[in-house]
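S.K.: Could you look at this predicted model? Sequence included:
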Amino acid sequence: MVPRDFHPLSAAEPPFFVGIDLGGTNIKSGVVDNAGHILGYAHLKSEVERGPEKGAGRMAEAASQAAAKAGIDLSDVTHAGLVTPGTMDTAAGMLLEPPNLPGWSNFPIRDRVSEHTGLPVAYANDANAAAYGEFWIGSGSVYSSMVMLTLGTGVGGGIITEGQLLDGANSHGGEIGHMIIDSSADARVCACGGQGHLEAYCSATGLTARAIEAINSLPESEQKPLGPREALTPLVLHQAAESGNAFAERMILETARYLGVGITTLLHILDPAAIVLGGAMNFGGATNPIGQKFLSTVSDEIRSRALPIPAEHAALHFATLGGDAGFVGAAGIARLHYQNKE
């Protein structure tokens, strides 16, 4: 998503930071000032098949284009932030075994991007960075601590406590999608191969699988409005629910209840001030009737299960930065590293 509002350079607050968000298809990059205003944005195709060294060069090119759009040179940027998917060693700056970046295993991505950009680079997981973006200038900006869950093909997450992003001893902090919410012998199987994980129930993949299985028990007349099973997606379910399809709405709200179970555990362990729900699977968000029902059902489930004080005080919001959260969070993490060094 292209940023909706660019801040003029004449009103910007230096120093400047550049965020680079590497995905399996696209590289997104944006220049952000010290107050979190977006000054410029660019994106390029990742061209993963050309290998990681070429990829590092393309990330630098995206950063340079974003700087030009902001009206500055890349050399005017103080620090860069880089975020990627996949398993990694953030302290060493290494990509380890990223499943959607084939051929990029065990690559020193932080140092190579630093070499290509000529900038110091802070490195983080993409879901953690999205959480930090929301914490810095999005839905979590008024809170001292926050947990974000990203609902998409999988379930990602990020945890911020007292302004610091939790990375963990093994760079696996915030792997919220792999929290176990069902320990039964027949629990659903996650994409990672584990059983009973939150992702198996609350991701787009999990919702679709549950819906296809449940359709079998419906009369043929109730199946027809949903179309062929191979074309069933959360978006199709959302559209059907908006049209009054009771089955589609039931499946969406069942997802919300599973999510409430997982969030209850997060509240009991972390006691955050806020929970933020991001990712593509937001059912229209806070302004949509189905999105409102989804959020309300998550809240109801939390209140029925959680200890009274965190249940009462933890705020629950949809994310507001959309597709910008990754590069904004990357720039924010770069800013944090710069401040810590200063």
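M.R.: Yes, it's here.
S.K.: these two touch, right, Ala240 and Ala246?
M.R.: No - taking contacts as CB atoms under 8 Å, Ala240 lies outside contact range of Ala246: 9.4 Å. Where you see a C-beta, it was placed from the backbone N, CA and C, and this is true even at glycine.
S.K.: Which one's more surrounded, these two?
M.R.: Ala240 (22 against 10; other CB atoms under 10 Å).
S.K.: That one is in what secondary structure piece?
M.R.: helix 234-242 (DSSP states H and E).
S.K.: and the helix or strand that that helix is followed by, how far out from the chain's middle?
M.R.: Using DSSP H and E, the helix or strand that follows helix 234-242 in sequence is helix 246-270. The chain centre lies 18 Å from the centre of helix 246-270; the measure is CA atoms, centre = their mean, to the nearest Å.
S.K.: in helix 246-270, what's buried?
M.R.: Counting neighbours by 16 or more other CB atoms under 10 Å, one finds that the buried residues in helix 246-270 are 247-249, 251-267, 270.
S.K.: Look at the closest residue to Tyr123 other than its chain neighbours and report its pLDDT.
M.R.: Once flanking residues are discounted, Tyr123 sits nearest to Arg110: 4.1 Å by CB to CB, 6 or more residues apart in numbering. Here, the pLDDT recorded for Arg110 equals 98.
S.K.: Just want the phi and psi numbers for Arg110.
M.R.: Arg110 adopts backbone torsions of phi -60, psi -50, taken as degrees, to the nearest 10.
S.K.: what residue ranges in the stretch 201-342 of the chain are flagged as low confidence?
M.R.: For the stretch 201-342 of the chain, the stretches flagged by pLDDT under 70 are 342.
S.K.: what's the neighbour count on Pro52?
M.R.: Per other CB under 10 Å, the neighbour tally for Pro52 reads 20.
S.K.: what do you get for Glu301?
M.R.: By other CB under 10 Å, 20 other residues sit near Glu301.
S.K.: wait, it sits on Thr265?
M.R.: No - contact between Glu301 and Thr265 fails when scored by CB under 8 Å: they sit 11.9 Å apart.
S.K.: would you list every one of the strands in this protein?
M.R.: 17-22, 26-32, 38-45, 79-84, 88-89, 94-95, 121-125, 145-151, 155-161, 164-165, 274-278, 315-318 (DSSP state E).
S.K.: tell me the average confidence for the third one?
M.R.: Per-residue pLDDT over strand 38-45 has a mean of 97.
S.K.: cool, the fifth one as well?
M.R.: The pLDDT scores in strand 88-89 average 94.
S.K.: That strand pairs with which strands, and in what direction?
M.R.: For strand 88-89, the paired strands and their directions (DSSP bridges) are strand 94-95 (antiparallel).
S.K.: Which residues does the strand it pairs with contact?
M.R.: 52, 84, 86-88, 101, 104-110 (CB atoms under 8 Å, 6 or more residues apart in numbering).
S.K.: neighbour-wise, which of the residues you listed leads?
M.R.: That'd be Thr84 among these, by other CB under 10 Å, with 30 neighbours.
S.K.: Please list all residues in contact with it.
M.R.: Thr84 sits next to 22, 95, 98, 101, 109, 123, 125-126 when contact means CB under 8 Å, 6+ apart.
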